[in-house]
Structures are given as C-alpha cells and as structure tokens.
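S.K.: Could you look at this predicted model? Sequence included:
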Amino acid sequence: MAVEFLDIGGAHDGPENGRGGGSPATVATAGPQVTRPAESRPPEDRRDGGDGKDGRGGQDGGPAPKVVTTRHPGRWVTAAAVVVLLAMAASALITNPAWEWEVVGEFLFAPSVLRSVVFTLELTALGIGFGFLLGTVLALMRMSANPLLSSVAWGYIALFRSIPLILQLLFWYNLALLYPRLSFGVPFGPSFFDIGTMDLIGPVTAAALGLALHQAAYAAEIVRAGLLSVDHGQREAAAALGIPRSRQLFRIILPQAMRSIVPTAGNEIIGLVKGTSVVYIMALPELFYQVQVIYNRNGRVIALLLVATIWYLVMTTVLSVVQHYLERHYGKGRA
C-alpha cells in the first residue's frame, strides 16, 4: 500500500505570503502521514516543554521535583556516644598517674628491649619461613593422588593442630631426655657418626623447630585452600600447551592462588608474632620474657607491660600494612 504525504496549510506557502516559508513538521500515523507546521502542534508535544527551554519542569509541566535527603538521626547519636567514650578512655589513660608514662618512655627504647624485639622478629621469620615451606609440601601431598602421601599429610596436620603449642615447645626442649644422642647413617643400618642432642638442638633451635612444625600444619591448609581456589581450567589449559608440571605450579597456579593465600597467611603471621611470647617458658630473651625480667627487678609491672604492648602493636601494624600491599598486588587481575 502506498504511503501518502498530505500538506495541510502552508505546504506551498512561500516567503511572500508572510508565513515564513518554514519546513513543515511530519507527524507519523497509522494511516497516511500528515505534515503540520511546528507552531500548530500542542505545547505538550514540543521538545522544549512549552516554555522555550530544554528540559522538564516548564510552565505547563510545573516546577522541577526537589530532592530531599533522608535524615539519619541515629547515626549522629551513635557517633556522639562513640566520641564521648573515646574521650573518656583517653582521659583515663592520660590523667591517671598509675600508668607511669614516664617509666614507659624510659624503657621503650632500652637496649635490652630493642634486642628482644629483634629476637621476636627473628623467631617469627624462622617459624613462618620454614612453616610455610613445609606447609606447601604438605599441601601438595594432601592433594596427591597417592593415598599414602595424602594419608601421611592428613595425619601430620591432624596431630600438630591438636597439640597446644606450649606442649610442642616443651617436647622439643626436652628431647634429650628421650634421645641423649642422635645418630646419622644408613636407615636401619650402621651409623656414620652421632652427636649429643643438647649440642644439636639448643633452646633457640628447639623454639624455632616447634614454631615451624606447629605453623606448618596450619600453613598446609591455607596453601591447599588457595590452590583449590584456582579454576581447574587453568591446569587443563597449561597441560594442553605442554607446560611442565613444576612450571604450571610456580608460574600459573601459585600466583593466582596467592589471592586467597595472602589474607589468611597474613593473619597467621600476625598471630605468630604474638605467639612467640609462649617461648618465655624456655627462658629465651623474646619481648615478653624481657619485660618480665625488668619488672621483676624494679616492680613497675604496668609500665613494662605497656612497653610490650606498644611494641607488639607496632610490629603487627607494620605487618598489616605489608599484607595490604601484597593483597593489592596479587589482586590486580581480579575483576
């Protein structure tokens, strides 16, 4: 069916008839299209809303709607209550002379305290380093298709997670009571040489060994969870490309697993910084043991406990900042 265009009123008017000779507006209808002059349209059909200006809320459309912000008086009341509580806590810390802040300042940077802080960090580094190294091996054994390897890893994790850390430290510290000398040689055969257990495993070695073996049980589950979080298609694609399994692990799987490993591993590291205080039972000069020695001499218990608190707070804060940047680094590819 042909479409007709009809001119109504002024289709042939030119400049000489006084109507301006403007172009007619076309109105689409179900039937034949009809053209009307723009000025003959009703105001509500015009683009400018009838007031000669673009936008809504003209003379015919009424005023523009007003945006009213929702009020939350409860938030202000809660914030005021928190501010009052913080002010009260600060006043109690500052105005109470029993805190002995001058003694805190005296011992905060004492040489013996600084040495104990360094020793605490060394114990943490040894426990975390060897713990996560062994934990990664245990995680791979746990995921192995070999039932023997998987069972051994599961048994290790179950055992060391069930025994308190302080008992493990005491066990390694007193290992010489069970085995006075350790022999090295062919398994179930002749030994080449032996050495005294006390000479091989001293207090520091026993502490590092206990912390590392204890931490490895938790690190194994952290690493295993991170490896399982990587999509299985990544392994299949790497295998299809002929990439060796070791390269698949260290270049493809593990970098992606770090997104899930880093947050939980950061919590474990921070926990181990505080957990090193348990080695005080072995008379090792870590931070908590050292402040005990000092306040047993001068009787300034609260002030020296505050010294330890401040240093623990500093160490955990620094580690939290490092954790934040590591999470941001490994999370770059996440959508």
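M.R.: Thanks, I have it.

S.K.: mind checking pLDDT for Pro42?
M.R.: Predicted confidence (pLDDT) at Pro42: the value is 53.

S.K.: likewise Ala81?
M.R.: Predicted confidence (pLDDT) for Ala81: 95.

S.K.: Can you pull the poorly scored residue ranges out of this structure?
M.R.: Counting by pLDDT under 70, the chain has low-confidence residues at 1-61, 333-335.

S.K.: Show me where it has its helices.
M.R.: 73-95, 101-108, 111-142, 147-162, 165-173, 197-200, 203-229, 232-240, 245-247, 254-275, 287-298, 301-330 (DSSP state H).

S.K.: Remind me what the first one packs against, helices and strands.
M.R.: In terms of contacts (3 or more Cβ pairs under 8 Å, 6 or more residues apart in numbering; DSSP states H and E), helix 73-95 is packed against no helix or strand at all. Quick note: C-beta positions are derived from backbone N, CA and C, even for glycine.

S.K.: Tell me which residue lies nearest the centroid of the protein.
M.R.: By Cα atoms, centre = their mean, the mean C-alpha position of the chain lies nearest to Pro263, the distance being 3.8 Å.

S.K.: residues contacting it?
M.R.: By Cβ atoms under 8 Å, 6 or more residues apart in numbering, the contact set of Pro263 is Gln323, Glu327.

S.K.: run the last query once more with 10 Å
M.R.: For Pro263, the contact set (Cβ atoms under 10 Å, 6 or more residues apart in numbering) comprises Ile222, Gly226, Gln323, His324, Leu326, Glu327, Tyr330, Gly331.

S.K.: of these, buried ones?
M.R.: The neighbour count (16 or more other Cβ atoms under 10 Å) marks Ile222, Gly226, Gln323, Leu326, Tyr330 as buried among the contacts of Pro263.

S.K.: got the contact list for the last one?
M.R.: The neighbourhood of Tyr330, defined by Cβ under 10 Å, 6+ apart, consists of Pro255, Gln256, Ala257, Met258, Arg259, Ser260, Ile261, Val262, Pro263.

S.K.: Any of the residues you listed buried? List them.
M.R.: Gln256, Ala257, Met258, Arg259, Ser260, Ile261, Val262, Pro263.

S.K.: And the first one, how close does it get to Val103?
M.R.: The reference is to Gln256. 51 Å (Cβ to Cβ, to the nearest Å).

S.K.: dump the residue contacts of Tyr150.
M.R.: If you look again at residue 150, you'll see it is Ser, not Tyr. Counting by Cβ under 10 Å, 6+ apart, Ser150 touches Met141, Arg142, Met143, Ser144.

S.K.: Give me the buried subset of the residues you listed.
M.R.: Met141, Arg142.

S.K.: and which of the contacts of Ser150 is nearest to Met315?
M.R.: Arg142 (31.2 Å; Cβ to Cβ).

S.K.: what about the residue lying closest to that closest one once chain neighbours are set aside, how many residues close to it?
M.R.: In this structure, Arg142 finds its nearest non-sequential neighbour in Ala153, 4.2 Å apart by Cβ to Cβ, 6 or more residues apart in numbering. By other Cβ atoms under 10 Å, the residues close to Ala153 number 22.
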